[in-house]
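Student: Okay, here's the prediction I keep looking at, along with the sequence it came from:
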Amino acid sequence: MSNRSLADIDRQHLIHPVSSFRGHQAHGPQILASGDGMWLTDIDGKRVLDAFAGLWCVNVGYGQQSIVDVAAEQMRKLPYATGYFHFGSEPAILLAEKLVSLSPEGLDHVYFTLGGSDAVDSVIRYITHYYNAIGKPEKKQFIALEWGYHGSSSTGAGLTALGNFHRGFDLPRPWQHHIASPYPYRHPEGHDDAAVIAHTVSALEAKVAELGADTVAAFCCEPIQGSGGVIVPPRGWLKAIREACDRLGILLMVDEVITGFGRTGPMFACDAEDVSPDFMTLAKGLTSGYSPMGAVLMADHVFQAIADSAPEALPVGHGFTYSGHPVSAAVALEVIRLYEDGLLENGVRTGVCFARHLERIREHPLVGDTRGRGLLGAIELVTDKQTKAGFAADLDVPGKLSKLTWENGVIVRCFSNSVIGFAPALCCTEEEMDQIFARVEQSLDQLLEMPDIRAAL
Ligand code: PMP
């Protein structure tokens, strides 16, 4: 089939995630055909460097043959096993054990999902069930952060705090609340880590006091806010949040869908602060995108409370057909083996080179801020470095930049707030990192030459 007719069929029939229906019909798809390491090839044979690991998920890079072999072998042996009715499969059981051994102390129980959104949705359901089980049915309010992203399930998208996930969807629900993000670049005292941390803690305390401590179920956050524009809180922030949740008598859900599996350096971002949440959500790097899978890690005290609350014959009515899918579980076990077999270390090494590039590109006339941890980072563009003023939406900086970077042979994520996000695979070499930044810098120079952009400065 010709590439042209494929694109036409796409326009006619395929609804793309988070796309304007009309906008996509006008734009059409960029059809990707194959991948190898850090590189993607499109259907016309154009090769580009993927500095965003698909959708911050292909942490091991493309074309890892051992994963393909494991998946094929598992499909031959047993392509599917339900987890219902006490059935199970070896890969799902071994993966649960592996995740418990890798994750912070106290997270002893694993529920498998298909991705991150249904992991967050599962946490909301389990927390609701938990408070009913322990006789505190009034604790049903959830608090999350502005700029946060927690997927697009029907209620999880209400914890998300990005306008287009709410608009037209009757979200957030009345029991979903948001407090200010620890966004150092946009914080009046952003240079002072302690002040940024204290600000979130007091905002959380104030929100709990406003709602009534007896009504608040949980606080939900990403350790680094990804889809909001890679917002990196100061070190010590997550630990202070854990302590505040304990003081306030509310549960803590840490959403490590992006930050998990070496993305920020250690296996989990929680490790860097020695924090153990009551729930942790995982997806993306769990299988590196080779097969869909997410996971909820549940603290033992929550599990035991739910377990003790009902007679043995009464099931907890939460379950998916593909929970613990054996092929995805086998893939995840192999992906984790690759992380432990040198990829995590490579990620840390290349992360140093990434940080150097971020520091250097800060000098560019369009760049107001750069930030990152490990191999997760961002550049924020401004019209004026002093006032930190952003670009007007009608200049369509993200659209222009997506086009320029693609033409220059690199994929980055261009957010609506003129932030460029980076999440290269952990297999990235220093040479590839140099090339990524050369191509991004070239794109920024070209953007700067555009008359309407020049006029906005
Ligand atoms: N939580 C976070 C922090 C995410 O970044 C994402 C996806 N970008 C999700 C949840 C939702 O995951 P999924 O798209 O796999 O449903």
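Tutor: Yes, it's here.
Student: which of the residues in the helix or strand that contains E73 are buried?
Tutor: Using DSSP states H and E, E73 sits in helix 65-77. For helix 65-77, burial by neighbour count (16 or more other Cβ atoms under 10 Å) applies to 67, 70-71, 74. All C-beta atoms are positioned from the backbone trio N, CA, C, and that covers glycine.
Student: Could you pull up the residues touching the residue in the stretch 51-200 of the chain positioned nearest to the ligand?
Tutor: Relative to the ligand, the nearest point of the stretch 51-200 of the chain is G116 (2.2 Å; Cβ to the nearest ligand atom). For G116, the contacting residues are 150-151, 255, 257, 281-284, 294, by Cβ atoms under 8 Å, 6 or more residues apart in numbering.
Student: closest to I420 among these?
Tutor: The shortest approach to I420 among the contacts of G116 belongs to K284, at 19.4 Å (Cβ to Cβ).
Student: what about the closest one, distance to I336?
Tutor: K284 sits 13 Å away from I336, going by Cβ to Cβ, to the nearest Å.
Student: Same question for N3.
Tutor: 37 Å.
Student: Which of these two has more residues huddled nearby?
Tutor: Counted by other Cβ atoms under 10 Å, N3 and I336 do not tie: I336 has more neighbours, with 23 against 12.
Student: and the stretch 201-350 of the chain, which of its residues are near the ligand?
Tutor: Contacts of the stretch 201-350 of the chain with the ligand, taken as Cβ under 6 Å from any ligand atom, map to 222, 226-227, 255, 257-258, 283, 294.
Student: for V410, which residues make a bridge with it?
Tutor: Using DSSP bridges, the bridge partners assigned to V410 are L49.
Student: That one contacts Q442, correct?
Tutor: No: counting by Cβ atoms under 8 Å, Q442 is not a contact partner of V410; they are 9.0 Å apart.
Student: Looking at those two now, which is surrounded by more residues?
Tutor: V410 (23 against 16).
Student: who's in contact with the more buried one?
Tutor: 48-49, 51, 435-436, 439-440, 443.
Student: Skipping its backbone neighbours, what lies nearest the residue in the stretch 251-400 of the chain positioned nearest to the ligand in space?
Tutor: Across the stretch 251-400 of the chain, no residue is closer to the ligand than V257, which sits at 3.6 Å (Cβ to the nearest ligand atom). Closest residue to V257 apart from its sequence neighbours, by Cβ to Cβ, 6 or more residues apart in numbering: G116 at 3.8 Å.
Student: so for the helix holding E73, what's the average pLDDT?
Tutor: Helix 65-77 comes out with an average pLDDT of 98.
Student: what's next to it, contact-wise?
Tutor: For helix 65-77, the external contacting residues (Cβ under 8 Å, 6+ apart) are 60, 91, 288, 290-291, 326-327, 330-331, 333-335, 338.
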